[in-house]
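1. Any chance you could fold what I've pasted below:
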Amino acid sequence: MLKHKRGYQTYCDGWGTVWKTVDRRLTEVRQQVVHFQEQTVGERRYWDAYVAGTIITRAVRVPLETAVEQGDIFIIEGKQYEVAQKDLKNDRLPASWLLSLQSVQIEYRDK
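-> Residues are numbered from 1 along each chain as shown. Predicted coordinates:
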């Protein structure tokens, strides 16, 4: 008998920290530890963002309770990403946010 995936997701690919920003400065930590699951950046998502002037380099799913907003900085393994888009995804349990991340060209610094 084959096992079928039940549609549950886990956030075991890594963790990062979410920072609030003001005027290209990291002002405060919104959430210290945010576990995430890696996602592929779909062709449609990539090209729609590219046409709008944003280059999406990474996509991750985070739990629905995560304190993150569009424009925040998400630091994963010392690398800074800006949250370009935040979409609600409820196709699997538990519901989560899909974050489209773009690499930061000039690093943000602490206030």
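2. Residues in contact with the worst-scoring helix or strand of the chain on mean pLDDT: which ones?
-> Least confident helix or strand of the chain, by mean pLDDT, DSSP states H and E, is strand 109-110 with a mean of 82. For strand 109-110, the surrounding residues in contact (CB atoms under 8 Å, 6 or more residues apart in numbering) are 25-26. In short, each C-beta sits where N, CA and C put it, glycine included.
3. From W19, how far off is the spatially most central residue of the chain?
-> For the chain, the residue nearest the mean C-alpha position is L99 (3.4 Å; CA atoms, centre = their mean). L99 sits 14 Å away from W19, going by CB to CB, to the nearest Å.
4. just to revisit the earlier point, the residue nearest to the centre of the chain belongs to a strand?
-> Yes. Going by DSSP: H, G, I helix; E, B strand; the rest coil, the assignment for L99 places it inside a strand.
5. Using PDB, write down the CA coordinates of stretch 62-78.
-> Output in PDB follows, covering the C-alpha atoms of stretch 62-78 (Å, rounded to 0.1, in the frame of the first residue of the first chain):
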ATOM      1  CA  VAL A  62       6.400  31.000   6.700                       C
ATOM      2  CA  PRO A  63       3.700  30.300   9.300                       C
ATOM      3  CA  LEU A  64       0.700  32.500   9.300                       C
ATOM      4  CA  GLU A  65       1.500  33.800  12.700                       C
ATOM      5  CA  THR A  66       4.800  35.300  11.500                       C
ATOM      6  CA  ALA A  67       5.200  39.100  12.100                       C
ATOM      7  CA  VAL A  68       6.400  40.100   8.700                       C
ATOM      8  CA  GLU A  69       5.300  42.900   6.300                       C
ATOM      9  CA  GLN A  70       6.100  43.900   2.800                       C
ATOM     10  CA  GLY A  71       9.300  46.000   2.800                       C
ATOM     11  CA  ASP A  72      10.800  44.300   5.800                       C
ATOM     12  CA  ILE A  73      14.300  42.700   5.700                       C
ATOM     13  CA  PHE A  74      14.500  39.000   6.200                       C
ATOM     14  CA  ILE A  75      18.000  37.800   7.100                       C
ATOM     15  CA  ILE A  76      18.800  34.200   6.300                       C
ATOM     16  CA  GLU A  77      22.300  32.800   7.100                       C
ATOM     17  CA  GLY A  78      23.700  36.400   7.200                       C
END
